[in-house]
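# Structure, please.
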Amino acid sequence: MPERDGDGGRPPTGTATGDPVERGRLLERVRDAVLSGSTGPASPRDVVSASWRRSLDAHVDPDHGRPRHVFGAEELDEVRGSHVLAPALPVLRRTLLDAADEAVHMMIVTDARGHILWREGNTGVLRRADDVALVEGTRWSEDSIGTNAMGTALADGRAVQIHSAEHLVRLYRAWTCAAAPIHDPDTGEVIAAVDLTGPLTTFHPSTLALVRAAAELAEMTLRARLVERDERLRARNEPHLDGLRGEPGALLAPRGRVLTARPDGWLPDRVSIPQDGDRVDLGDRGEGLLEPLAEGWLLRLAPRTTSRPTLALPFLGAERPVARLDGRPVRISLRHAEMLVLLALHPDGLTADQLAQALYGDAGNPVTVRSEVHRLRAALGSCGTKRSGAAAPEAGYSIISTQPYRLRARVDADFIDVRTALRERRLPPPDVLRRGALLPTSDAPGVREERDIIEVGVRGAVLRRGDVDALWALVRTESGAEDPELARRLRRLLPDGDPRRDELVDRPA
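Modelled structure (predicted):
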């Protein structure tokens, strides 16, 4: 199981490990000191300190926090039945339940978001847990209930033990718990956490090793089932590959892992399966077409189109941006223009999370981004109309591919031309410099950063070169009009009698 070195089970500096109750009292003083900003008797462990910061940033109330109840009984049954970990639950029970009952603990299993799906173990502990909402259907992620072994293991990606007042929320200082994340052997993603929880008097350092071993056994069980499924999929579907008659193709697992490829090695180990549609962007190889199978996918190469559309993005100085698709003007919103800028700057593509961060910063939500991409694709339309003098892409060809989001067009962007000129130590033409800043009204973090890079780079290059026409173009922009150094340099370079000197009279010196 992937794991990083750290202090997941090490006691905090200056704490005793022999008496869990005494240790709990000391941890209370440490917690209270940290929350009040005073000097405490010891320092919290790094893993705990980082978790407290995340929890407080999520506005968890240390004194009155309660977990969110997300799933009712009927919903919980449905979620349990469909969860990928369900086949490994008997292994977790065999590994942990006897030890949990003997040690006065209970076993808890959550999903990847911290929702408690299963809870079994010592009857007395289960009753006590009911009183503090440590029950099925509640969410125990850090942003819901603060530092706890389940939520912190999911957030930190490693096994961790949380004792007494290391829990941020005061209600849980009477508990001790240890948890480890469980990974999907197909994707490597964290899919669950397994936890042992009990009263603080039952603390034992070996509990952490036990839940770590249980997580590893669960992953081994899932891996064995995965191998069986892969072999079954290959055996059933090899005839589909034979039917391609030598054309490149592959059998894919349901999540896009390549099981068999012909010819061998023509694909990476994994292919991103789009959320909608049947086409996959394969980069230089073109497009792949997906055909659903009983337990996976058949991938084959789509016929290559003879040309791609041209997407023009004249966005320097554009307060009301208009894109042009093969010469056709497409009026778009500022948000959609920002998305096109970011995709043009990242030809290898951006995930929904990366695009959300670049558009909205830390408040970005990938769900919002997916909706905006859908609207932008609709605004641009599909390029199934034949263009004069060129063969059109096949009907339904979309300018934006998914997973990752990527522009599937030749991009003609003035801001990229400027970056290229600077990289090649050339000055952009004066008519381009005169246009002004990139999307000047945009407040998207990724666009602001690019705007600043261009502005600083252009200003420095023009001052170094001392080109009169370039300086003149720059001082006539909104930012250049307030730049006294540009005006001073231009005054020195303009010859006497040049009418442009008159326009510099009122400029700041």
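# ok, the residue nearest in space to the middle of the chain - contacts?
Central residue of the chain (Cα atoms, centre = their mean): D353, 3.6 Å from the mean position. Shown in contact with D353 (Cβ atoms under 8 Å, 6 or more residues apart in numbering): G364, P366. Yep, even glycine has a C-beta here, placed from its N, CA and C like the rest.
# if I look at it, how far off is A103?
From D353 across to A103, the span is 40 Å (Cβ to Cβ, to the nearest Å).
# What strand or helix carries the residue nearest to the centre of the chain?
helix 352-360 (DSSP states H and E).
# what sits up against the next helix or strand after that helix?
Using DSSP H and E, the helix or strand that follows helix 352-360 in sequence is helix 366-380. Residues from elsewhere that reach helix 366-380 (Cβ under 8 Å, 6+ apart): 275, 311, 323, 325, 330, 332, 335-336, 339-340, 351-353, 355-356, 359-360, 398-400, 402, 405.
# Buried among the residues you listed? Need that as a selection in PyMOL.
Buried members of the contacts of helix 366-380, defined by 16 or more other Cβ atoms under 10 Å, are picked up in PyMOL with:
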select buried, resi 311+323+325+330+332+335+336+339+340+352+355+356+359+360+398+399+400+402+405
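# Would you check the distance separating the helix or strand bottoming out on mean pLDDT in the chain from the middle of the chain?
When each helix and strand of the chain is scored by mean pLDDT, DSSP states H and E, helix 500-503 comes last, with a mean of 78. With Cα atoms, centre = their mean, to the nearest Å as the basis, helix 500-503 stands 52 Å off its chain's centre.
# same check, this time on stretch 157-164
24 Å.
# List the buried residues of that stretch.
R158, A159, V160, Q161, I162, H163, S164.
# Does the longest helix that the chain contains pack against any helices or strands, and if so which?
The longest helix of the chain (DSSP state H) is helix 206-242. Helices and strands touching helix 206-242, by 3 or more Cβ pairs under 8 Å, 6 or more residues apart in numbering; DSSP states H and E, are helix 89-102, strand 160-163, strand 175-183, strand 190-199, strand 249-252, strand 258-262, strand 297-301.
# Just name the most buried of these.
strand 160-163 (a mean of 30; mean count of other Cβ atoms under 10 Å).
# ok, that strand: who's next to it in the sheet?
Strand pairing for strand 160-163, using DSSP bridges, gives strand 175-183 (antiparallel).
# Check what pLDDT G396 gets.
Confidence at G396, expressed as pLDDT, is 43.
# no, scratch that, I was asking about A16
46.
# all strands of the stretch 51-200 of the chain, in order?
Using DSSP state E, counting those that start in this stretch, the strands of the stretch 51-200 of the chain run over 68-69, 106-111, 116-121, 138-139, 160-163, 175-183, 190-199.
# Distance from the chain centre to the fourth one, please.
Strand 138-139 sits 23 Å away from the centroid of its parent chain (Cα atoms, centre = their mean).
# can you check stretch 19-27 too?
Distance, stretch centre to chain centre, for stretch 19-27: 38 Å (Cα atoms, centre = their mean).
# what's the answer for stretch 211-228, then?
Average the C-alpha atoms of stretch 211-228, do the same for its chain, and the two points are 26 Å apart (Cα atoms, centre = their mean).
# and it, which residues are buried?
Buried residues in stretch 211-228 (16+ other Cβ under 10 Å): V211, R212, A214, A215, E216, L217, A218, E219, T221, L222, L226.
# Now tell me what touches that stretch from outside.
1, 3, 84-85, 87-88, 91-92, 95-96, 159, 178-186, 192, 194-196.
# now with 7 Å?
For stretch 211-228, the external contacting residues (Cβ atoms under 7 Å, 6 or more residues apart in numbering) are 1, 85, 87-88, 91-92, 95-96, 159, 178-186, 194-196.
# can you give me phi and psi for S333?
When read as degrees, to the nearest 10, the backbone of S333 gives phi -80, psi 160.
# Pull up the gap between P495 and V462, please.
Taken as Cβ to Cβ, the span from P495 to V462 is 19 Å.
# higher neighbour count, the two?
V462 (25 against 8; other Cβ atoms under 10 Å).
# How about the more buried one: what's its closest non-neighbour residue?
A470 (4.7 Å; Cβ to Cβ, 6 or more residues apart in numbering).
# and if you look at D32?
G40 (7.5 Å).
# I figured the one you found was touching E28, is that so?
No. Using Cβ atoms under 7 Å as the test, G40 is too far from E28 to be in contact (10.0 Å).
# more neighbours, the two?
G40 (18 against 15).
# does that one sit in a helix, a strand or a coil?
coil (DSSP: H, G, I helix; E, B strand; the rest coil).
# how close does it sit to W175?
Taken as Cβ to Cβ, the span from G40 to W175 is 21 Å.
# ok, now M220?
Taking Cβ to Cβ, one finds M220 at 29 Å from W175.
# that older thread, what are the phi and psi values at the residue nearest to V462?
Per degrees, to the nearest 10, the backbone of A470 is at phi -70, psi -40.
# P430 is in contact with that one, correct?
Yes. Between A470 and P430 there is a contact at 5.8 Å, judged by Cβ under 7 Å.
# Compare those two (neighbour count), which wins?
Legend: neighbour count by other Cβ under 10 Å for A470 and P430, higher for A470 (22 against 17).
# what's the spacing between that one and L154?
Applying Cβ to Cβ to A470 and L154 gives a distance of 54 Å.
# just to revisit the earlier point, contacting residues for the residue nearest to V462?
L427, P430, L433, V462.
# which of those sit farthest apart?
Across those, the longest distance by Cβ to Cβ is 9.9 Å; it joins P430 and V462.
# does R406 belong to a helix or a strand, and which?
Going by DSSP H and E, R406 is in strand 406-407.
# List the contacts of that strand.
D281, L311, L343, A344, G349, I399, I400.
# Now do the SS call for the second one.
Following three-state DSSP, the label given to L311 is strand.
# can you pull the contacts of it?
A323, L325, I399, L407, A409, V411.
# repeat for H163
P20, R23, G24, L27, T176, L200, F203.
# 6 Å instead, please
T176, F203 (Cβ atoms under 6 Å, 6 or more residues apart in numbering).
# Adjust the sequence numbering to begin at 677 for everything that follows.
Yep, numbering from 677; the last one is H839 now.
# That one pairs with what?
T852.
# From V697, how far out is it?
Taken as Cβ to Cβ, the span from H839 to V697 is 11 Å.
# Could you do P1121 as well?
48 Å.
# And the two? Which one has more around it.
When P1121 is set against V697 and neighbours are counted by other Cβ under 10 Å, the residue ahead is P1121, at 17 against 12.
# Got phi/psi on the more buried one?
According to degrees, to the nearest 10, P1121 has phi -50, psi -40.
# now do the one 5 residues further on
For E1126, the backbone dihedrals (degrees, to the nearest 10) come out as phi -70, psi -40.
# Give the burial count for it, as a bare number.
22.
# Then N913?
N913 has 20 nearby residues by other Cβ under 10 Å.
# Repeat that for T715.
7.
# What of S758?
The burial count for S758: 8, using other Cβ under 10 Å.
# Do you know the pLDDT at it?
91.
# before we move on, what about the one 10 residues further on?
According to the model's per-residue confidence, L768 sits at a pLDDT of 96.
# Fine, thanks again, bye for now.
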